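Asks: Okay, here's the prediction I keep looking at, along with the sequence it came from:
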Amino acid sequence: MAMRVDLLQESYAQLYELLGEELTEKVYEMYRGRQISFPMRLYNRDKVAEQIVNEYDGHNLAQLTKEYDYSQRWIRQIIQKHREQADQTDDDAE
C-alpha cells in the first residue's frame with residue numbers, strides 16, 4: 001500500500017521529502033517511538049583526534065582544521081597532548 005504523504009507527521013514528511021518512501025518506511029520501522037537527537041558534529045571527537053594525530057605532518061594544521069571542522073586551537077591541543085604522551089612513554093622506557 002502506498003504511503004499517504006498528505007497524512008504524515010511533520011518529521012516523517014520531512015524524511016519522505018529527503019529520502020523517499022522506501023527509506024522513510026525503514027526509518028519508521030527502526031526508530032518509531034524513540035526520541036532521537038543528532039549531534040552537532042558528524043564525526044566522533046575521539047576518532048577525529050586520533051586521525052588528526054596520524055595525519056598531522058607539521059605543516060597541515062589549516063587543512064586539518066578545514067577538513068574536520070574543528071578549531072586550530074583544539075587541533076593544537078590534541079597534537080600537544082599526543083606529544084606529551086609520547087614523551088612520557090619514551091621517558092618510561094629509559
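Replies: Received the coordinates, thanks. Numbers count the residues shown, from 1 in each chain.
Asks: if I look at Glu29, how far off is Leu15?
Replies: 12 Å (Cβ to Cβ, to the nearest Å). For glycine as for every other residue, the C-beta is placed from the backbone atoms N, C-alpha and C.
Asks: Skip the chain neighbours and tell me the closest residue to the residue positioned nearest the centre of the chain.
Replies: The centre of the chain sits closest to Tyr43, judged by Cα atoms, centre = their mean, with a distance of 1.5 Å. In this structure, Tyr43 finds its nearest non-sequential neighbour in Tyr68, 6.5 Å apart by Cβ to Cβ, 6 or more residues apart in numbering.
Asks: so the one you found sits right up against Glu50, yeah?
Replies: No: under the criterion of Cβ atoms under 8 Å, Tyr68 makes no contact with Glu50, lying 11.4 Å away.
Asks: neighbour-wise, which of those two wins?
Replies: Tyr68 (18 against 13; other Cβ atoms under 10 Å).
Asks: While we're on the more buried one, how confident is the model there?
Replies: Looking at Tyr68, its pLDDT stands at 92.
Asks: show me the contacts for it.
Replies: Going by Cβ atoms under 8 Å, 6 or more residues apart in numbering, Tyr68 touches Tyr43, Val48, Gln51, Ile52, Ile75.
Asks: Filter those residues down to the ones in helices?
Replies: Among those, the ones falling in helices (DSSP state H) are Val48, Gln51, Ile52, Ile75.
Asks: mind checking how far the second one is from Glu67?
Replies: Distance, Gln51 to Glu67, using Cβ to Cβ: 9 Å.
Asks: how many other residues sit next to Ile79?
Replies: Residues near Ile79, counting by other Cβ under 10 Å, number 17.
Asks: Alright, that wraps it up for me.
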